[in-house]
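Visitor: Sequence first, then the predicted structure:
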Amino acid sequence: MVNNIKTSGCLSITAPSLLKEALKIDTWIPMEAFERATQKKVGVVVYDSNQQFNNHDAIVSKVIRIEIPGPDIVNLTDPLIINFTLSNFTNHTNGNYSCQYYDEQGNETWKTDGCNTTQLPDVVKCSCNHMTAFAVLLVEVNNIDERQWEILSYISYIGCSLSAIFSAFCVLSFIFNRNARAEVSSSIHVSLSGALFLLNISFMLSEWTATLGKEKFCVFIAVMIHYSLLSCFTWMAVEALHLYLLLIRVFNIYIKNYMAKLSMIGWGIPAVVVGSLLTIQFTHPLYGTTNVTLSNSNATNAVCWIKDPIVLYGVNLSYFTVIFIFNLLVLLKVSRQIFKLKQVEKNNHKIPVKDAGTVLGLMCLLGTTWGLVFFGFGYTNYVVLYLFCISNTTQGASIFLWMCLTMTRRDKQKAALTKSLSTLDTIEKQKE
């Protein structure tokens with residue numbers, strides 16, 4: 001049934017029903033779509049069965065196909081609107097209704113690209129900028145409240161900006177400080193700072209890039225985020241390895257081209273992982289624009305990141321889990337050694353504030369605060385989100401502070417040693 005053209009520039013059509021009890025599906029097709037078409041015709045098909053579509057168990061509405069003869073209708077200025085009336089409409093606590101389209105030309109899965117979802121009383125409103133087969137799916141997601149997303153975004157941008165600035169300071173101080181360049185520990189710290197700098201800069205560009213509509217640029221930013229993230233994890237593991245060799249296995253440690261080999265690990269392994277994923281980017285897009293659903297409005301917020309959940313959780317989580325366990329074991333071993341030595345020296349059981357500060361600094365270097373990610377699965381925990389956001393966006397500033405304190409302590413020790421040697425030399429001369 002075709003109604004009159006509305007003044008808003010849309011053609012209103014009620015989708016055909018195969019059964020009398022079938023629920024009504026109303027559509028509004030923008031006139032822009034007809035202007036692009038070779039023929040002024042529109043086809044509206046409602047499928048009686050969803051069996052031919054993948055993930056059909058999650059589909060909670062009829063599948064409707066809307067097409068106009070001619071080239072594919074994409075990137076509409078005024079969106080195509082579809083109102084699905086659902087018989088079992090419910091506000092789910094562990095899932096949300098999601099407007100999606102069936103990607104027949106890609107990997108034949110349901111996707112959300114270009115579609116926004118709005119939940120109304122007994123109706124799910126879909127607004128999409130292209131024309132194909134559409135349906136409403138019930139998806140299990142950990143959605144974030146729109147207001148909380150805004151606050152977390154402010155914290156992230158402020159924290160990442162400060163972290164990027166302090167990470168840059170770390171790199172510059174390393175370049176212009178000869179004594180720092182002579183220390184392997186400083187070289188490792190500055191490499192971690194460099195990875196954090198790349199991560200912070202690319203992360204801050206992610207949301208803005210997604211709004212440009214240039215997919216190749218978005219893919220580049222997503223790849224940069226992934227590579228720098230894995231590099232950060234790897235350099236944290238290198239920090240733990242070096243700390244273990246330095247404080248636990250003190251004797252008989254000499255490795256030829258030590259820093260060069262560590263650099264191959266820190267920068268090379270993430271490059272191999274990301275490079276391997278990029279080999280299938282053209283056949284199975286893994287990087288690009290993806291949407292985060294906001295729980296109170298079901299609106300979506302586009303970001304440049306990993307699109308495939310298997311890669312997002314399978315690769316990243318398994319990679320980080322191995323590193324986190326190794327770093328945590330090293331941290332526990334080193335902390336135990338520090339407190340044990342101090343107790344022997346001072347013959348008391350109190351933990352000095354200075355030693356506690358050292359352990360906190362080591363926690364930052366080894367990235368143990370990233371372990372908060374394990375508490376964020378299954379449901380949206382805002383306390384964990386805020387702690388995770390604050391602690392990890394300030395990591396660059398923490399490393400800069402650690403390097404400053406380390407270099408200051410080292411300079412004081414050298415000054416004290418020089419003064420002692422000068423005093424001994426004076427005494428020897430007086431004896432003569």
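Guide: Yes, it's here.

Visitor: Run through the neighbouring helices and strands of the helix or strand hosting E32.
Guide: For E32, the host element (DSSP states H and E) is helix 31-36. Other helices and strands packing on helix 31-36, by 3 or more CB pairs under 8 Å, 6 or more residues apart in numbering; DSSP states H and E, are strand 10-14. Where you see a C-beta, it was placed from the backbone N, CA and C, and this is true even at glycine.

Visitor: Now do the buried residues in the strand it packs on.
Guide: By 16 or more other CB atoms under 10 Å, the buried positions in strand 10-14 come out as 10-13.

Visitor: if we can go back for a sec, ok, and what's touching the helix holding E32?
Guide: 5, 9-11, 40, 42, 68, 70-71, 73, 76-78, 80, 131 (CB atoms under 8 Å, 6 or more residues apart in numbering).

Visitor: Neighbour-wise, which one of the residues you listed leads?
Guide: L80 (24 neighbours; other CB atoms under 10 Å).

Visitor: wait, doesn't it sit right on T27?
Guide: Yes - assessed by CB atoms under 8 Å, L80 is found in contact with T27 at 7.1 Å.

Visitor: Mutual contacts of those two, please.
Guide: I66.

Visitor: Which pLDDT value goes with V272?
Guide: Note on V272: pLDDT of 96.

Visitor: Pop the domain breakdown of this protein in here.
Guide: 10-139, 146-418 (automatic domain parsing).

Visitor: weakest of these in terms of mean pLDDT?
Guide: When I compare those, domain 10-139 is least confident, with a mean of 73.

Visitor: which residue sits closest to A222, ignoring its sequence neighbours?
Guide: Distances taken as CB to CB, 6 or more residues apart in numbering put Y287 closest to A222, at 3.9 Å, once the chain neighbours are dropped.

Visitor: Was I right to think that neighbour contacts F217?
Guide: No - if you go by CB under 8 Å, Y287 and F217 don't touch, sitting 11.3 Å apart.

Visitor: Comparing the two, which residue is more hemmed in?
Guide: More neighbours surround Y287 than the other of Y287 and F217, with 25 against 14 (other CB under 10 Å).

Visitor: Let me see the contact set for that one.
Guide: Counting by CB under 8 Å, 6+ apart, Y287 has contacts 218-219, 222-223, 226, 277-278, 281, 304-307.

Visitor: got these as JSON lines, with neighbour count columns?
Guide: Below are these laid out as JSON lines (neighbours: other CB atoms under 10 Å):
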{"residue": "C218", "neighbour count": "24"}
{"residue": "V219", "neighbour count": "20"}
{"residue": "A222", "neighbour count": "24"}
{"residue": "V223", "neighbour count": "21"}
{"residue": "H226", "neighbour count": "25"}
{"residue": "L277", "neighbour count": "18"}
{"residue": "L278", "neighbour count": "15"}
{"residue": "Q281", "neighbour count": "13"}
{"residue": "C304", "neighbour count": "29"}
{"residue": "W305", "neighbour count": "21"}
{"residue": "I306", "neighbour count": "20"}
{"residue": "K307", "neighbour count": "20"}
